[in-house]
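[1] starting from these lines, generate the structure:
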Amino acid sequence: MRIIMFDIDTLRPDHLGCYGYLRDTSPAIDSVAADGLRFDNYYCPNAPCLPSRASLISGRYGIRTGVVGHGGTAADMRLQGESRHFRDAVSENGLFMQFRRAGLHTVSFSSFAERHSSWWFNAGFNECMNFGKCGNELAGEITPRVLDWLERRGEEDNWFMHVNYWDPHTPYRAPEEFGNPFKDAPLPDDWIDDQIFAQHLLHVGPHGANEINMWDDTHFEQYPRHPGAVRTMQDMRDFIDSYDCGIRYADDNIRQILDWLKEKGLYEDAAIIITSDHGENLGEQGLYAEHGTADEPTCHIPMIIKWPGGAKGKKAPGLHDNVDLAPTIQELLGTRFVGEYDYDGVSYAKTVTKGEDCGKDHLVLTQCAHVCQRSARFDNYLYIRTVHGGYHLFPREQLYDVEKDPHQLHNLAGERPDLCDKGARLILDWVDEQMKKSEFDTDPMWTVMRQGGPEHARGMLESYIKRLEGTPRASQIPLLREMYPKG
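    Okay, the predicted model is just below:
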């Protein structure tokens with residue numbers, strides 16, 4: 001069996017043609033979706049990059065692994081402790097190890113492990129190609145190495161390949177010679193009008209329209225597509241073009257790999273998985289070029305699976321999150337746990353092979369790198385509960401009908417306290433159940449809070465307030481100080 005997993009950083013499903021986007025961003029990805037199964041409501045339960053991939057690999061939520069942020073002890077996988085033997089349980093039972101245990105030669109083209117000092121990510125690989133740029137490499141630097149490996153070994157049987165592309169991730173950086181295929185294409189979902197954009201220009205907090213570079217408007221010459229700020233409607237449209245160019249550039253590289261498989265007559269029998277670690281805010285909540293919340297744009301991710309003999313041209317509407325992939329692969333390949341281990345995820349192998357619905361009735365989502373939030377995704381709704389807003393002025397509770405209002409414009413919390421109560425109860429019950437299973441007595445979200453708050457917001461309040469002084473946003477400084485009295 002031959003399996004390729006395309007792990008594309010920061011990829012929003014609603015910017016892919018197979019998910020209904022009208023711009024031609026993803027013809028190669030769309031072709032795989034047509035030959036396989038598309039999951040419509042798939043989420044990363046722990047955002048952003050590092051916590052998401054920790055959940056993906058371990059099959060466990062961050063509340064158990066301890067990885068919920070980008071700094072402090074909440075950025076490290078918890079030590080197994082006394083029960084650890086010669087090798088630790090996560091390395092022995094993680095996602096990539098399932099492929100190797102099934103007898104496949106495993107190879108990864110990714111610099112993720114070095115980017116976040118997360119070497120557990122490489123567990124299960126026979127070969128690891130690290131490009132040494134910690135995620136700043138272009139797809140055009142990765143694909144030739146992939147094709148070289150395929151030329152040497154691709155026609156052999158029984159291998160699994162992991163290909164990690166970063167091009168949709170900030171800073172947006174498709175090469176200049178790629179051009180802009182969307183320059184004259186209107187925005188398919190032109191939801192940001194003059195009034196909404198005027199509100200965005202008054203937004204307080206990092207990664208707003210005035211501070212694309214998180215805390216300021218610095219523009220780096222080596223990234224001409226990535227602005228320091230968006231101050232006009234045309235800037236905003238150019239900004240979305242840049243994100244879409246990153247997707248299309250990655251997609252063009254995926255096409256080269258698919259073309260190789262087809263030329264060798266291997267495509268039909270190959271399994272292909274396409275997914276992402278998280279999405280991206282492109283104006284939602286007043287945020288641009290960031291994935292720093294536990295909301296719909298950040299946590300909703302694509303999942304496309306083409307499996308030999310499996311469902312073809314189908315859609316899976318049920319709720320899933322990325323801890324579900326490891327148990328699914330385990331069932332599809334017939335592998336077993338080593339020692340005492342369990343997944344929080346639930347296998348959807350029958351969805352892949354037979355199209356049966358294996359969805360959950362709700363999900364709980366967490367973000368502790370830029371803010372501290374937990375959210376409940378149920379029915380058509382997303383309930384967001386903020387513990388630390390990362391120096392944004394988010395209300396404590398938010399509620400959105402994500403089907404009718406995917407860009408989160410109308411907070412229904414005041415109108416539907418009953419649904420807020422339901423969302424809060426789902427989160428509380430989930431925390432209780434996860435802590436019962438945990439070997440540790442501390443919820444890592446509160447570890448983040450006790451260690452000074454989210455990594456990307458620590459110690460920045462006073463310098464940011466100085467930036468706001470003398471601007472139209474200065475009137476919001478007292479509210480900032482009221483909401484964040486400890487800085």
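[2] report the secondary structure state of residue 164.
    Put simply, residue 164 is strand when judged by DSSP: H, G, I helix; E, B strand; the rest coil.
[3] quick check: bridge partners of it?
    Beta-bridge partners recorded for residue 164 (DSSP bridges): residue 7.
[4] residue contacts, it?
    Listed by Cβ atoms under 8 Å, 6 or more residues apart in numbering, the contact partners of residue 164 are 7-9, 108-112, 142. Where C-beta positions appear, they are placed from N, C-alpha and C, glycine not excepted.
[5] just give me the closest of those to residue 385.
    Minimum distance to residue 385 across those is 26.7 Å, recorded for residue 9 (Cβ to Cβ).
[6] for the closest one, phi and psi?
    Torsion angles at residue 9 (phi, psi; degrees, to the nearest 10) stand at phi -70, psi 140.
[7] give the contact list for it.
    Neighbouring residues of residue 9 by Cβ under 8 Å, 6+ apart: 49, 135, 164-169, 276-277.
[8] repeat the analysis, applying 6 Å as the threshold.
    With contact set as Cβ atoms under 6 Å, 6 or more residues apart in numbering, residue 9 has these partners: 166, 169, 277.
[9] repeat for residue 159
    2, 104-105.
[10] and it, bridged to which residues?
    Using DSSP bridges, the bridge partners assigned to residue 159 are residue 2, residue 105.
[11] buried only: go through the contacts of residue 9 for me.
    Buried by 16 or more other Cβ atoms under 10 Å: 166, 169, 277, out of the contacts of residue 9.
[12] wait, isn't the last one in contact with residue 50?
    No. Counting by Cβ atoms under 6 Å, residue 50 is not a contact partner of residue 277; they are 8.7 Å apart.
[13] burial count for residue 387?
    Neighbours of residue 387 under the rule other Cβ atoms under 10 Å: 16.
[14] what do you get for residue 221?
    Residue 221 has 5 neighbouring residues, counting by other Cβ under 10 Å.
[15] next one: it from residue 373, what distance?
    Distance, residue 221 to residue 373, by Cβ to Cβ, to the nearest Å: 34 Å.
[16] and the residue nearest to the spatial centre of the chain, how far from residue 53?
    Closest to where the C-alpha atoms of the chain average out (Cα atoms, centre = their mean) is residue 278, at 1.1 Å. Distance from residue 278 to residue 53, counting by Cβ to Cβ: 10 Å.
[17] got a pLDDT number for residue 189?
    Listed pLDDT for residue 189 reads 87.
[18] if I've got this straight, residue 234 is in a helix?
    Yes. Secondary structure of residue 234 (three-state DSSP): part of a helix.
[19] that one: neighbour count?
    9.
[20] where's it relative to residue 241, distance?
    In this view, residue 234 and residue 241 are 10 Å apart by Cβ to Cβ.
[21] give the contact list for residue 383.
    Residue 383 is in contact with 376, 399, 423, counting by Cβ under 6 Å, 6+ apart.
[22] what about burial for those residues, which qualify?
    Listed as buried from those are 376, 399, 423; burial here means 16+ other Cβ under 10 Å.
[23] quickly name whichever of the residues you listed is closest to residue 186.
    residue 399 (31.1 Å).
[24] was I right to think that closest one contacts residue 410?
    No. Contact criterion Cβ under 6 Å: residue 399 and residue 410 do not qualify, at 9.3 Å.
[25] so what's residue 228 up against?
    Shown in contact with residue 228 (Cβ under 6 Å, 6+ apart): 212-213, 217-219.
[26] quick check, it in a helix?
    No. Counting by three-state DSSP, residue 228 is not part of a helix but coil.
[27] excluding chain neighbours, what is closest to residue 107?
    Excluding the flanking residues, the one nearest residue 107 by Cβ to Cβ, 6 or more residues apart in numbering is residue 127, at 4.1 Å.
[28] same thing with residue 403?
    In space, residue 403 is closest to residue 380, 4.5 Å off (Cβ to Cβ, 6+ apart).
[29] got a pLDDT number for that neighbour?
    We note a pLDDT of 97 for residue 380 in this prediction.
[30] just give me the neighbour total for it.
    By the criterion of other Cβ under 10 Å, residue 380 has 12 neighbours.
[31] correct me, but it touches residue 405?
    No. Counting by Cβ under 6 Å, residue 380 stays clear of residue 405, with 9.5 Å between them.
[32] switch the buried ones among the contacts of residue 9 over to JSON lines; also include distance to residue 348 and pLDDT.
    Below are the buried ones among the contacts of residue 9 laid out as JSON lines (distance: Cβ to Cβ, whole Å; pLDDT from 0 to 100):
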{"residue": "166", "distance to residue 348": "27", "pLDDT": "98"}
{"residue": "169", "distance to residue 348": "27", "pLDDT": "98"}
{"residue": "277", "distance to residue 348": "19", "pLDDT": "98"}
